[in-house]
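> coordinates for the following, if possible.
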Amino acid sequence: MDTANLSAFLAVAETGSFSRAAEQLHLTQPAISKRVASLELQLGCRLFDRIGRHIGLTEAGLSLRPRALEIIDALEDARRALSNLSSVVQGRVAMATSHHIGLHRLPPVLREFTRTYPQVALDIQFLDSEVAYEKVLHGDIELAVITLAPTIESPIIAERIWNDPLDFVVAPDHPLARAETLSFAELGEYPAVFPGPNTFTRRIVSQLFSQEGVEPHISMSTNYMETIKMMVSIGLAWSVLPRTMLDSQVHSLRLPGTNLERQLGVIWHSGRTLSNAGRAFIRLLQRNAALDSLPR
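Just a heads-up that it's a prediction; the model follows:
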């Protein structure tokens, strides 16, 4: 069975369009149609129903899709394993990172990696940590540098790289900014802006409030830390921000006995053979973590 035909089939199944599949695979639409038709002829069944402009998988197509994914994944894994027999670090690394980490943590790591391994092409997607986690889980990308989930389960492997302390913040002219210390109950009386309810950061903060028996008044939600900082700085709400983002635009609040932080790190799939380039990137992150832990 021709893997090029399987790849064309999977691209059409994913995009729901022959033209978009052609763009994804950098081919012409007739070439995609020919590959799918060849696969249908080889298997002796139709894989797609074409009704007007709508394209949907037939029962045979639905049955083939998970098997085709397994075949392509197995071949890619074999290719990486064979490529790893040489010690050359080259090729492509498909990875993801969150916008915050990509802006505030990764630039020096990426700069050193590209200088050290100029033959490696980095394919970086900027995604929410939760989306990146799912992409690693399903084998769509090799690794991700994200906010780690509170609990990590097999088959995902995670390694902490940075501790990321979080502070409660308001605008400098917010009524809460005048308080020397605050309770969770007092904080809960004012509007807050937070990342979405399914984000790892929101779960960490929600768990803390739940322990205190307080329900925060969350009036707005966005997953972009920079946007949250802007809304806090103009006085719309209070929030929680990484300490690395604090400056004169926001005022840090004191909640006695509170030590809030999240873990940032790298994840990969235990069932996937990492490329030499992927291993080299993880080693560089590990070295970065070791340097950060040294006394200053």
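> does Ile204 lie in a helix or a strand, and which?
If you go by DSSP states H and E, Ile204 is part of helix 200-212.
> who touches that helix?
129-130, 146-150, 166, 184-185, 188, 194-197, 215-216, 240, 258, 260, 262 (Cβ atoms under 8 Å, 6 or more residues apart in numbering). For glycine as for every other residue, the C-beta is placed from the backbone atoms N, C-alpha and C.
> ok, now stretch 3-16?
18, 21, 24-25, 27, 31-32, 35-36, 38-39, 42, 47-48, 54-57, 61, 64-65, 68-69, 71-72, 75.
> stretch 68-81 now?
Contacts for stretch 68-81 (Cβ under 8 Å, 6+ apart): Met1, Thr3, Leu6, Ser7, Phe9, Leu10, Gly139, Arg272, Thr273, Leu274, Ser275.
> which ones among those lie within helices?
Taking DSSP state H, the ones among these that sit in helices are Thr3, Leu6, Ser7, Phe9, Leu10.
> which helices and strands does whichever strand or helix holds Pro165 pack with?
Here Pro165 sits within strand 156-170, counting by DSSP H and E. Packing partners of strand 156-170 (3 or more Cβ pairs under 8 Å, 6 or more residues apart in numbering; DSSP states H and E): helix 129-137, helix 200-212, helix 225-233, strand 239-242, strand 251-252, strand 261-269, helix 276-292.
> the last one to strand 261-269, inter-axis angle?
This means helix 276-292. 160 degrees (axes from the mean of the first three to the mean of the last three Cα atoms, to 10 degrees).
> could the ones in helices among the contacts of stretch 68-81 go into a markdown table alongside neighbour count and pLDDT?
Formatted as a markdown table, the ones in helices among the contacts of stretch 68-81 follow (neighbours: other Cβ atoms under 10 Å; pLDDT from 0 to 100):
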| residue | neighbour count | pLDDT |
| --- | --- | --- |
| Thr3 | 12 | 86 |
| Leu6 | 21 | 91 |
| Ser7 | 20 | 90 |
| Phe9 | 26 | 92 |
| Leu10 | 19 | 92 |
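> what is the nearest of the residues you listed to Thr114?
Ser7 (28.4 Å; Cβ to Cβ).
> now the terminal residues of stretch 127-143, how far apart.
One end of stretch 127-143 to the other measures 12 Å (Cα to Cα, to the nearest Å).
> residues in contact with it?
Residues contacting stretch 127-143 (Cβ under 8 Å, 6+ apart): 69, 73, 93-98, 125, 144, 146-149, 155-156, 196, 198-200, 223, 266-269, 272, 274-275, 278, 281-282.
> what about 7 Å?
73, 93-96, 98, 125, 144, 146-147, 149, 156, 198-200, 223, 266-269, 272, 274-275, 278, 281-282 (Cβ atoms under 7 Å, 6 or more residues apart in numbering).
> count the neighbours of Asp123 for me.
11 (other Cβ atoms under 10 Å).
> do the same with the one 5 residues further on
Applying the criterion other Cβ under 10 Å, we find 20 residues in the vicinity of Asp128.
> next SSE after the helix holding Ile204?
Taking DSSP H and E, what comes next after helix 200-212 is strand 217-221.
> pLDDT-wise, which helix or strand of this structure ranks last?
Least confident helix or strand, the chain: helix 59-83 with a mean of 83, by mean pLDDT, DSSP states H and E.
> and the residue nearest in space to the middle of the chain, what pLDDT?
Nearest to the geometric centre of the chain sits Ala132, at 2.4 Å (Cα atoms, centre = their mean). As predicted, Ala132 sits at a pLDDT of 95.
> ok, the one 3 residues further on next?
The pLDDT attached to Lys135 in the predicted structure is 92.
> now Ser19
The predicted local confidence for Ser19 is 92.
> quickly find the element holding it.
Here Ser19 sits within helix 18-25, counting by DSSP H and E.
> contact partners of that helix?
Residues contacting helix 18-25 (Cβ under 7 Å, 6+ apart): Ser7, Ala8, Ala11, Val12, Thr15, Thr28, Gln29, Ala31, Ile32, Ser33.
> all set now, cheers.
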